[in-house]
Structures are given as structure tokens and as C-alpha cells.
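Trainee: Here is my input; please provide its structure:
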Amino acid sequence: MSVSSSRRFRAAIAAAAVLATALGAGTAAADADPAPTPQTRFHEPRELLRALNVDELAASGWTTAKDSESDDPAAPSGEEPAPAEPAPGPPPPVTHEDLARIVPGMPPEKIDQYLAPLNDAMIHHGIDTPVRQAAFIAQLAVESDSFRTFEEYASGHAYEGRADLGNTQPGDGARFKGRGAIQVTGRHNYEKVSEHTGVDFVANPELLAAPENAFTTAAWYWTSRNLNAVAENEGIVRVSELVNGGHNALDRRIADFQRGLDVLLQP
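Mentor: From the prediction side, this is the model:
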């Protein structure tokens with residue numbers, strides 16, 4: 001019932017009380033007997049309510065003020081509102097199915113393990129279009145043997161004394177051989193990626209091959225060479241030259257790139 005109904009109910013109680021008092025007073029005035037006027041049967045409030053038969057009034061639609069207030073949608077319910085569910089975030093750049101199709105040779109257990117850090121690296125480094133993503137994944141797939149390893153199979157002795165890589169100290173070739181999802185190589189690159197990430201890969205070069213670092217460092221290498229722009233403006237061959245230094249496995253890189261585009265451009 002509405003608040004106005006509650007008010008009418010209270011008004012009915014007040015009217016009944018006034019009527020009862022008036023009846024008692026009228027009896028005393030008409031009676032010449034000076035004896036004290038007897039008390040009305042509504043002397044106690046509970047008697048008045050009993051006489052009004054609140055149960056019958058409620059059955060006919062009357063409500064108390066408390067009931068009316070509880071029906072008021074603006075009134076506080078006394079219960080904490082249920083927390084709103086958070087809005088769903090954007091879909092990941094690449095799904096499990098996408099990655100399995102782009103890199104057919106990738107072991108399924110590796111997809112489960114590496115999908116989240118791969119997507120995080122792309123999101124945080126602006127690798128955010130199908131062309132950029134397809135080029136990035138194609139290079140990583142070749143450099144890491146379809147994500148089977150984050151450390152170069154060769155010993156690294158071939159890089160010994162390579163001043164262009166910063167390998168100026170004895171043992172630098174093997175110490176700073178290719179590691180990570182894109183095979184970061186050479187003392188100079190290890191120093192730069194250490195500055196970028198805050199992880200000392202120069203003192204601990206093996207950490208660059210850890211899965212939690214492999215994709216972050218690959219994305220660093222990618223953006224440090226501005227390869228997003230190269231992929232979109234110069235093509236996959238030029239990207240491959242800047243990643244690998246030549247045309248090693250170029251056919252495979254092109255094929256993986258094209259397959260990535262076919263998958264990521266699907267509606």
C-alpha cells in the first residue's frame with residue numbers, strides 16, 4: 001500500500017479515539033448523577049487497536065506505516081546491494097586456436113604455457129594489428145623452432161670476438177648466445193635489454209631464456225628496431241633481415257606470416 005493509505009489508517013485510529021472520548025463525555029453530561037464518569041473501554045491503547053480489529057483492516061488492504069515504508073522502493077532495504085560484475089575485458093589478440101593454426105608445429109602444451117605472455121607482450125608493445133602480429137609471431141616461430149626452445153641450439157662460439165655484437169671480452173660468444181623468443185644475441189643487446197627490463201641479463205644471461213622473460217625481451221627487440229612500422233611499410237622480407245641479419249629460413253618466415261594474416265584477418 002502507499003504512504004497515503006498508511007496516513008488514512010493513522011487518521012482512522014485518531015478518529016476512533018476522538019469518538020470514544022466524545023461518547024464518554026456525552027454520557028457524563030446527560031446524566032444528572034454526580035457520580036464519576038466511568039472510563040471508556042478504550043482507556044488503554046491496546047483496547048482501541050483490538051476494537052478496530054487490525055487484522056480485518058489489513059485483509060481489506062490497509063497497511064501500517066512500517067509496512068508502507070518497506071514497500072517504498074526508495075527506502076533503504078537494510079541489505080548491502082550485490083556488487084556489480086566487472087565489465088568483460090577486451091578479447092586477447094590471439095586465441096589458443098589461432099596460435100595452433102598459425103604455428104602448426106607448436107606443441108599443444110607450449111600453447112597453454114606461452115599464450116598469455118605472448119599476448120601480454122603484444123598488448124604492451126603496440127603489436128596491435130593483424131600485420132604486426134602475424135609478422136611478430138612468424139619471426140618468433142622461426143627463431144624459437146616453433147616455440148620449442150628459448151636458447152640457441154649452437155654453442156655460441158661463432159659469435160666470439162664479434163665487436164658488432166659487443167662481444168669484446170673472452171667468452172662473450174658463448175655467454176651471450178641467442179636467447180629468448182627472438183634469440184637476442186651479443187653483449188650489447190643483453191646490456192640494452194637489461195636497461196629496459198631492470199633484470200640484469202649481463203650477470204645472469206640464462207634468465208633471458210626463462211619463459212617469463214622470453215616474450216618481454218622479444219617485444220623489446222621488436223620495438224627497438226621499429227619493426228611495427230617496417231612490417232606495415234616495407235614487408236616481411238625486410239623484417240626478417242632486421243631480425244636475423246640475412247635470409248635464413250626466409251621461405252618459412254614468409255609462409256608463417258601469410259598463414260598468420262589468413263587466421264587473424266578472418267571475421
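Trainee: I'd guessed Val215 sits against His124; true?
Mentor: In this structure residue 215 is Phe, not Val. No - distance between Phe215 and His124: 10.0 Å, which falls outside the contact criterion (Cβ atoms under 8 Å). C-beta: built from backbone N, CA, C; applies to glycine.
Trainee: For those two, indicate the residue with more neighbours.
Mentor: Counting neighbours by other Cβ atoms under 10 Å for Phe215 and for His124 shows that Phe215 has the greater number, 26 against 12.
Trainee: hmm, who's touching stretch 233-246?
Mentor: In this structure, residues lying in contact with stretch 233-246 by Cβ atoms under 8 Å, 6 or more residues apart in numbering are 135, 138-139, 142-143, 182, 221, 225, 227, 230-231, 247, 250, 253-254, 257.
Trainee: try 10 Å this time
Mentor: The set of residues that contact stretch 233-246 without belonging to it, under Cβ atoms under 10 Å, 6 or more residues apart in numbering, is 131-132, 134-136, 138-140, 142-143, 164, 182-183, 185, 218, 221-222, 225-228, 230-232, 247-250, 252-258, 260-261.
Trainee: Now do Asn119 against Glu195, distance only.
Mentor: Shown here: Asn119 relative to Glu195, a distance of 25 Å by Cβ to Cβ, to the nearest Å.
Trainee: between these two, who's got more neighbours?
Mentor: Of the pair Asn119 and Glu195, Asn119 is the one with more neighbours under other Cβ under 10 Å, namely 19 against 12.
Trainee: now that one, what's its secondary structure?
Mentor: Asn119 carries the three-state label helix when classified by DSSP: H, G, I helix; E, B strand; the rest coil.
Trainee: For it, which non-adjacent residue is spatially closest?
Mentor: On the basis of Cβ to Cβ, 6 or more residues apart in numbering, the spatially nearest residue to Asn119 that is not a chain neighbour turns out to be Pro92, at 4.5 Å.
Trainee: next one: Glu212
Mentor: Taking Cβ to Cβ, 6+ apart as the measure, Glu212 lies nearest to Pro117, with 6.7 Å between them; neighbours along the chain are not counted.
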